[in-house]
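A.B. asks: build me a model from this:
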Amino acid sequence: MGGTILMAEIFLRAARPSDAEAVAALQSLPGVRFGTLRLPYPSAEDIAKWLARQSDHDRDLVVCADVEIIAIGGLHRSFGRRGHVGSLGMAVHDGWIGKGIGTRLLTALVDRAENWLGLTRIELTVFTDNASAIALYRKFRFEVEGTHWRYALRDGVLIDAFSMARLKP
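C.D. replies: Numbers count the residues shown, from 1 in each chain. Predicted coordinates:
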């Protein structure tokens, strides 16, 4: 990374359908795909439809460095008797890992969940070999609740994942 990129203005905002091309590019990065359930070659059209269906209770945020989308995270509220629960997922651009982007994004998602939606439980799954993501989640008081054995196929191999949750203090 050059000095110019590190001097970029970093900000968060709601994702919108016009972000579809940039989100597809982000989801196509090897590191993002390695750490998430994303399949190769996402369609910008499908992503645009998905972003257009969001509501106030089901929102994705993007982190931008000037005009480039460098991370995306979603908080999706459950309904009915699980209306106090949200599920969380996020991805950070391969070139921005370790620069505080995940912390900024997770701070915003937890704030939205607990202080604006009244959620008292946030859940996520993370591959057991994703040490940097697990460390980030632990920093935010997410705890491992169990292991999903052979959870997902990645590069032809079944990978385990942790089920993690944060309970509002």
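
A.B. asks: secondary structure element for the spatially most central residue of the chain, which one?
C.D. replies: Closest residue to the average C-alpha location of the chain: residue 90 at 0.8 Å, with C-alpha atoms, centre = their mean. Per DSSP states H and E: residue 90 is located in strand 85-92.

A.B. asks: in the sheet, which strands lie alongside that strand, parallel or antiparallel?
C.D. replies: strand 68-77 (antiparallel), strand 121-127 (parallel) (DSSP bridges).

A.B. asks: specify the beta-bridge partners of the residue nearest to the centre of the chain.
C.D. replies: Here residue 90 shows beta-bridge partners residue 73, assigned using DSSP bridges.

A.B. asks: per-residue confidence at it?
C.D. replies: If you check residue 90, the pLDDT there is 97.

A.B. asks: my guess is it meets residue 109, correct?
C.D. replies: Yes - between residue 90 and residue 109 there is a contact under C-beta atoms under 8 Å: 7.2 Å. From N, CA and C alone the C-beta is placed, and that goes for glycine too.

A.B. asks: joint contacts of the two?
C.D. replies: Residues touching both residue 90 and residue 109 by C-beta atoms under 8 Å, 6 or more residues apart in numbering: 73, 74.
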